[in-house]
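got a sequence here, can you build the structure:
(3 chains)
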Amino acid sequence: MKKEKQYWLMKTEPMSYSIDDLKRDRKTAWSGVRNYQARNFMRDDMQVGDGVLFYHSSCKEPGVYGLARVNSKSYPDPTQFEKGGMYYEPRATKEKPMWFLVDVAFEKKFKEGVSIRALREHKDLRGLRMLELGSRLSITPVTQKEFETVALLAV
DNA sequence: GCCAACGTTGGC
DNA sequence: GCCAACGTTGGC
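Residues are numbered from 1 along each chain as shown, chains lettered A, B, ... in the order given. Model prediction:
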């Protein structure tokens, strides 16, 4: 049974991977997530075709800078097996991987992003989980309404 | 299974 | 660069 299309907000630091990088690559494996909640969203809940708000954090003007979509089912994050790599996970084995990811495909880059300030100011976006104080989760679910509201705010 | 210590995140 | 909030670790 296929679930309905779902929507997500995915954070990234543009210094390491930006919407421009995704536009150039067309799609990318969302590797390096090392948080259980975020992993569970990718492993258990994401489906091909889900909508993604692409968010830039830790930068001059944090905000949503484009749209993407989930482009694969989840599969083990290969970086967990890279000895000496930044994301190496000694507890993981090929038989029992710890970390999972999905592929994310480029959809659209906004000319101007929707800043975190604008997100906070919009009354229909008060429920956004990433706006909660101290929210550090790099992947959060958003409602269809929230997704569309952000898309409409964007230029 | 508690909880203090630690490292990280991320807006400002 | 600051610092509050958070998740994870590890000793007990």
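
phi, psi of the nearest residue to A:Lys108 once chain neighbours are set aside?
Counting by Cβ to Cβ, 6 or more residues apart in numbering, A:Leu67 is the residue found nearest to A:Lys108 once chain neighbours are left out, at 4.5 Å. Where C-beta positions appear, they are placed from N, C-alpha and C, glycine not excepted. The phi/psi pair for A:Leu67 (degrees, to the nearest 10) reads phi -120, psi 150.

so what's A:Leu67 scoring on pLDDT?
Looking at A:Leu67, its pLDDT reads 98.

over to the one 5 residues further on?
Reading off the confidence values, A:Ser72 has pLDDT 97.

measure it to DNA strand B for me?
Relative to DNA strand B, A:Ser72 is positioned 23 Å away (Cβ to the nearest atom of the strand, to the nearest Å).

ok, the nearest residue to A:Trp99 once chain neighbours are set aside - how many residues close by?
Beyond its immediate neighbours in the sequence, the residue positioned closest to A:Trp99 (Cβ to Cβ, 6+ apart) is A:Asp77, lying 4.1 Å away. Neighbour count of A:Asp77, defined by other Cβ atoms under 10 Å: 26.

whatever residue of chain A ends up closest to DNA strand C: neighbour count?
In chain A, the residue that lies nearest DNA strand C is A:Gly134 (2.1 Å; Cβ to the nearest atom of the strand). Residues lying near A:Gly134 (other Cβ under 10 Å) number 4.

hmm, stretch A:58-65 in reach of DNA strand C?
No. Stretch A:58-65 lies apart from DNA strand C when judged by Cβ under 7 Å from any atom of the strand; the minimum separation is 7.7 Å.

buried ones in that stretch?
For stretch A:58-65, a neighbour-count test (16 or more other Cβ atoms under 10 Å) marks A:Pro62, A:Gly63, A:Val64, A:Tyr65 as buried.

thought the last one was touching A:Val52?
It refers to A:Tyr65. No. Proximity of A:Tyr65 to A:Val52 does not meet the contact threshold set by Cβ atoms under 8 Å, at 11.5 Å.

if we can go back for a sec, quick check, pLDDT for the residue of chain A closest to DNA strand C.
If you check A:Gly134, the pLDDT there is 85.

mind checking the SS state of it?
Of the three states, A:Gly134 takes coil under DSSP: H, G, I helix; E, B strand; the rest coil.

ok, now which ones touch it?
By Cβ atoms under 8 Å, 6 or more residues apart in numbering, A:Gly134 lies in contact with nothing.
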